[in-house]
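Peer 1: Structure, please.
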Amino acid sequence: MIFSPCRVYDGQAYNGSGGVTYSSQPNTTNLFGSVIYNSGINAGNSPIALSGLYSNQQGYIIAYVNGTLTIGKADLTVTVNSAMGIYGSTIPTLSGTVTGFVNGQTLTSDGGTAVFTTTATSSSNLGNYGVTGDVTLGSPYSGDYTVLQARGNGAALTITFIPPPLYTLFDLAIRLPFTSAGSNMELSPTTPVYLSVPGTVAGIPSNPSPDLDGNLLEEKNTTK
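Peer 2: Residues are numbered from 1 along each chain as shown. Here you go, the predicted model:
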């Protein structure tokens, strides 16, 4: 007879690692052959059928008592690639990997798919959001794996905000009026100027007139 062993799914046939027992210790001079184990390979309970032994006329009448092989599911881990979205914009394409396949199997060879989704939308607030990898396993291995989500998937998507571009007067070649003296003063080329809306500079008219040097001047209101 054989013990009833347990193992984790590895895609391979049982090799008899648990061994067998005999109702009485056999005399090996009258017992020949090797025990052959026949069982299923997929997760679940599978009978183990024994065969392969024979004896001479002075030996034994051989009867086999089958055992039961219990195969547990192997773990697959879904790991989402970190992604960044911009507040107010479409959620970027999400991706990831599925690892843990055994015996040369892959998600593609299994005929399976992985779809990555999130609850975040283009109107979601700034912060971190979870991404789930929904894995569908194909035949014949669909019942042999348990799909697990990696810990980092819970905050794999970051919604952030990009501030307006920072420009300098050197970049824009702008001159501002020195109003107290009634004359123009050229500011430092590295003076930062933030754009308040596309195409305009905060505090500067959207259509200033150029001076003779080609620099942009703010039109000064002299009415008092």
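
Peer 1: How about the contacts made by the residue nearest to the spatial centre of the chain?
Peer 2: By Cα atoms, centre = their mean, the mean C-alpha position of the chain lies nearest to Val80, the distance being 2.0 Å. Going by Cβ atoms under 8 Å, 6 or more residues apart in numbering, Val80 touches Leu94, Ser95, Gly96, Phe116, Val131, Thr132, Gly133, Ala150, Gly152, Asn153, Ala156. Yep, even glycine has a C-beta here, placed from its N, CA and C like the rest.

Peer 1: which non-adjacent residue is nearest the third one?
Peer 2: Read that as Gly96. Closest residue to Gly96 apart from its sequence neighbours, by Cβ to Cβ, 6 or more residues apart in numbering: Val80 at 4.0 Å.

Peer 1: how close does that neighbour sit to Gly33?
Peer 2: 53 Å (Cβ to Cβ, to the nearest Å).

Peer 1: Mind naming the longest strand for the chain?
Peer 2: strand 44-55 (DSSP state E).

Peer 1: Show me what it packs onto, helices and strands only.
Peer 2: strand 31-38, strand 67-72 (3 or more Cβ pairs under 8 Å, 6 or more residues apart in numbering; DSSP states H and E).

Peer 1: tell me which residues in that strand are buried?
Peer 2: Counting neighbours by 16 or more other Cβ atoms under 10 Å, one finds that the buried residues in strand 44-55 are Ser46, Ile48, Leu50, Leu53.

Peer 1: Distance check, the residue nearest to Gly96 against Gln105.
Peer 2: Val80 is 21 Å from Gln105, by Cβ to Cβ.

Peer 1: Also Thr118?
Peer 2: 28 Å.

Peer 1: Point out where this protein drops to low pLDDT.
Peer 2: 1-3, 18, 164-224 (pLDDT under 70).

Peer 1: redo that, cut-off 80
Peer 2: By pLDDT under 80, the low-scoring segments of the chain are 1-4, 16-19, 28, 57-59, 139, 163-224.

Peer 1: wait, Leu157 sits on Gly130?
Peer 2: Yes - counting by Cβ atoms under 8 Å, Gly130 is a contact partner of Leu157 at 7.4 Å.

Peer 1: For the two, indicate the residue with more neighbours.
Peer 2: Neighbour count, other Cβ atoms under 10 Å: between Leu157 and Gly130, Leu157 has more, with 25 against 16.

Peer 1: thinking Asn42 is in contact with Ile71, fair?
Peer 2: Yes - using Cβ under 8 Å, Asn42 is in contact with Ile71, at 6.8 Å.

Peer 1: what ranges do the helices span in the chain?
Peer 2: All helices of the chain, identified by DSSP state H, fall at 169-172.

Peer 1: Neighbours of the closest residue to Ser17 other than its chain neighbours, how many?
Peer 2: Closest residue to Ser17 apart from its sequence neighbours, by Cβ to Cβ, 6+ apart: Pro5 at 6.9 Å. By the criterion of other Cβ under 10 Å, Pro5 has 18 neighbours.

Peer 1: and if you look at Asn15?
Peer 2: If you count neighbours by other Cβ under 10 Å, Asn15 ends up with 9.
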